[in-house]
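In: make a model of this:
(chains A and B)
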Amino acid sequence: MAARKATPSIRKATSSATPAIRKATSPAIRKVPPAIRKVPPTVAERIEVRKTYKLYIGGAFPRSESGRAYVVKGADGTILANACRASRKDLRDAVRAARAAQGAWARKTAMNRGQVLYRVAELMEGRRDQFTAEVAAAEGLTAARARTTVDRAIDRWVWYAGWADKIAQVLGSSNPVAAPYFNFTIPEPTGVVGVVAPETSSLLGLVSRLAPPLVSGNTVVLLTSESRPLPAVTLSEVLATSDVPGGVVNVLTGYRTELVPVLAGHVDVDALDTWGVPDSMRLDTELLAADDIKRVLRRPTTVAETRFDWLDDRASERPEWIAAFLEMKTVWHPIGV
Amino acid sequence: MRHMASSDDSAVARSAAAAPNSWGFGDGQAIPWDYAPAPEARDIVSLKERYGLFIGGREVQATGGETFVSIDPSTELPLASVAKATAADIDKAVRAARRAYRRSWGQLSGKERAKYLFRISRILQERSREFAVLESMDSGKPIKESRDVDVPLAASHFWYYAGWADKLDYAFPGRVARPLGVAAQIIPWNFPLLMLAWKIAPALAAGNTVVLKPASTTPLSALLFAEVCTQADLPPGTVNIVPGPGEVGMSLVTHADVDKVAFTGSTEIGRKIYRGVAGTDKALTLELGGKAANIVFDDAPLDQAIEGIVNGIYFNQGEVCCAGSRLLVQESIAETLIDKLKDRLATIRVGDPLDKNTDVGAINSKAQLEKITELVASGVAEGAELYQPACDLPERGYFFRPTLFTNVAMSHRIAAEEIFGPVLSVLTFRTPDEAVEKANNTPYGLSAGIWTDKGSRILDMVSKMKAGVVWANTFNRFDPTSPFGGYKESGFGREGGMHGLHAYVRLEDR
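Out: Below is the predicted model of the structure:
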């Protein structure tokens, strides 16, 4: 009850503090983006402070070391921002950060990891309007549809966060071997997971792919949607201000053709989620993954990337996606004196 | 019977002859007594001169009529000639499997499938002696292992998965488990019948049909299993067996109408198979190589540990993917442990696989013997210290002495590469952290062993091992209820247990 009452005032505080957001959430979202405004602003009008969309590596927000950027356009063709065009060096830095963070993330208690991830949903809730505006602009959705999508992304995050201290009980086992041994099987995180996020669903799809490997203790190098990267960058800002330790999630914006092969061929990446890999790159990506026997969670070729319904909870809330980034460890010990 | 080997002038044999006599009898005699021969009768096996392929429930000859010979590695004498499958035969087999999937096996309820699998398990038990003898003849493994491990485990694997066939709903809560379709399965030569059971039992339980390619040096127990399928009245085409060389395996893997590929074998071939399914929707599980660390702490029960170390590396001539081939000993007890180990090695009996007293049988093939010999020579060349007990080897057949290397460095090939032979590399460590670091410093991650009396240390080490199976105060134990499979380049997916079913189902929304 209390939380419910508090929400509107938080939202109000957020929107009054950042006029740009209020403008973005109005029905006509950035019809005329400031960047290409023809008429100079009057003296009386406040000039908004625009955001620089950066990479997120090891808990910091660097620009690409290459100094490169690319123009991100909204669904209606208007220019939204310049996003960093990450280089292979940025990707390698991200893998190093993910590796460094993995042990401590996996060693957190399952309950603590669940709470840390739940807090991400709490902070996403606080940025609901901003996400809604960005998703609407990126995906060309109505404000109402964008809101539904963002709400579902938040709820989905909560759904996965709750698995942290349950997945071992559902997937682990005690095995009745036919000899005097105590034998049990426990899941452990695979390690560093490269996630190629869906190209079309910029936030909900991304959350549905990012949360499963995270919840069990993997760390992630995430390639955002190439054409719709901005909600993912905002999510990285949420992660940075949450309790998720730096390096646990590393977010890269850039070109798929440039980054996916480096990710797939990197020997310190243990597993890949190739959902967002374009069909044309699929074979080469898997050939690279074969070199060091990477685990790959693939999108079935029969499922078109653009057609998948991320709003469908049954289809998108899958413990199998958590299991894809787990290793089952079986332990034997004799029973006796 | 037992005397020093002297005619062989290889470096390895010279070292063996020069090895100190740890029994202290001073006359170069390893053991002061002999064992009378105790051969298992071979006549329970009635070998045919020629074996065909098993496709669509019938024995058929290979397209083009080519054959190859399967030999007994302990005598180098031919056992039988076997039809050599071609790509055309693979196509026939996959069609037969598809037909059975559509029309017979795939239409059966879980309850009916279960009864067939129980039948198979029972027949394997009934014919266990025959299978054990044949397995030892064709593979070179000691009869006591095929009799007490391979065959009973194969039967119990079918038994275990039989019960799952009508209980899949309970294995995957919230989802409906559907079969994948036609499974292509390729198995190695080290546990021919057992690997067949690991592959076929969960596949059939889940409702798939199977095309299985046994290894080209050990096709006979798979072909005898074809008879079991016939005896069990298994619907024709449910199981198809197509012996042949590696290329035939690849044409099976890349066949367009295969839904699932399961492979057990080397990491090198595993990569090729992975590439073969790249870009498709085929499900894939791989069980590949290993270079397991067997870690002995200073508080370990030493005599128990010695038995575990010996079982870890000399079981099945060390031709085991999860063999404990790297022994990591805490420095303070290294000298004592190595002395005890050398004493124990002197009592290992190498020889006729069909002899009930034999501990180490024949190496599976000439090629494998050459690989082991080459790697052992590299160990000597790189400066490790070789020890082999002074036992004589049969004059014919592919035999290799139980071998132990001390003064091994992590950079030596014998410490890094999978030898797949009775060769143990001993390294030392001071702290638990160093043991963890050394144990995990390999691209493999199949198994590990830990020996200590301290429970909390076991659990700490267990959590730090990057390995799919961890044996604590034991080694090389297997059970159908116990999932088995690797981390890292040892592959992915699990065989055995409830987890083994996952490799053969597609999960759908309820």
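
In: distance check, A:Y255 against A:D284.
Out: 15 Å (Cβ to Cβ, to the nearest Å). The C-beta positions use only the backbone N, C-alpha and C, and glycine is treated the same way.

In: got it, and A:T306?
Out: Counting by Cβ to Cβ, the gap from A:T306 to A:D284 is 21 Å.

In: okay, domains of chain B per the record?
Out: B:11-34+B:290-472, B:72-288+B:487-508 (automatic domain parsing).

In: tell me the contacts of A:W159?
Out: A:313, A:317 (Cβ atoms under 8 Å, 6 or more residues apart in numbering or on different chains).

In: and for residue 111, the neighbour number?
Out: Let's take chain A. By other Cβ atoms under 10 Å in any protein chain shown, 10 other residues sit near A:M111.

In: actually, chain B is the one I wanted.
Out: Neighbours of B:K111 (other Cβ under 10 Å): 10.

In: look up how far B:T63 lies from the residue nearest to B:P480 when sequence neighbours are not counted.
Out: Nearest non-adjacent residue to B:P480, counting by Cβ to Cβ, 6 or more residues apart in numbering or on different chains: B:Y160, 3.7 Å away. Per Cβ to Cβ, B:Y160 is found 37 Å from B:T63.

In: so for these two, which residue has more residues nearby?
Out: B:Y160 (26 against 17).

In: please compute how far the helix or strand that the more buried one is a member of lies from its chain's middle.
Out: Secondary structure from DSSP states H and E places B:Y160 in helix B:151-164. Taking Cα atoms, centre = their mean, to the nearest Å, the mean C-alpha location of helix B:151-164 is offset from the chain mean by 17 Å.

In: in that helix, which residues are buried?
Out: B:151-162, B:164 (16 or more other Cβ atoms under 10 Å in any protein chain shown).

In: show residues contacting whichever helix or strand comes after it.
Out: For helix B:151-164, the succeeding helix or strand toward the C-terminus, using DSSP H and E, is helix B:168-171. Contact with helix B:168-171 is made by B:110, B:164, B:176-177, B:205-206, B:498, B:501, B:505, as judged by Cβ under 8 Å, 6+ apart.

In: near chain B, which residues of the stretch 201-337 of chain A show up?
Out: Residues of the stretch 201-337 of chain A lying near chain B by Cβ under 8 Å from any Cβ of the partner chain: A:270, A:282-283, A:286-287, A:289-293, A:295, A:298, A:300-302, A:314-315, A:319-320, A:323, A:327-334.

In: among those residues, which ones are in helices?
Out: Among these, the residues falling in helices (DSSP state H) are A:282-283, A:286-287, A:289-290, A:314-315, A:319-320, A:323.

In: and which of the contacts of helix B:168-171 is nearest to A:E139?
Out: Distance ranking of these against A:E139, using Cβ to Cβ, places B:V176 first at 32.2 Å.

In: what subset of the contacts of helix B:168-171 is buried?
Out: The neighbour count (16+ other Cβ under 10 Å) marks B:110, B:164, B:177, B:205-206, B:498, B:501, B:505 as buried among the contacts of helix B:168-171.

In: which of the residues you listed sits closest to A:I186?
Out: Using Cβ to Cβ, B:M498 comes nearest to A:I186 of the buried ones among the contacts of helix B:168-171, at 13.4 Å.

In: need the contact list for the closest one.
Out: A:173, B:164, B:171, B:483.

In: okay, the residue in the stretch 401-510 of chain B that chain A sits nearest to: pLDDT?
Out: Per Cβ to the nearest Cβ, B:D479 is where the stretch 401-510 of chain B lies closest to chain A, at 3.8 Å. pLDDT recorded at B:D479 is 98.

In: tell me the secondary structure for it?
Out: For B:D479, the secondary structure call by DSSP: H, G, I helix; E, B strand; the rest coil comes out as coil.

In: bridged to B:V350, which residues?
Out: Beta bridges link B:V350 to B:V360, judged by DSSP bridges.

In: go ahead and confirm it touches B:T358.
Out: Yes - assessed by Cβ atoms under 8 Å, B:V350 is found in contact with B:T358 at 7.2 Å.

In: these two - which one has more neighbours?
Out: B:T358 (26 against 23).

In: give me the nearest residue to that one, chain neighbours excluded.
Out: B:P142 (4.4 Å).

In: sketch out the low-pLDDT regions of the chain for me.
Out: Here I'm looking at chain A. For chain A, the stretches with pLDDT under 70 are A:1-42, A:337.

In: I was thinking of chain B, sorry if that wasn't clear
Out: For chain B, the stretches with pLDDT under 70 are B:1-33.
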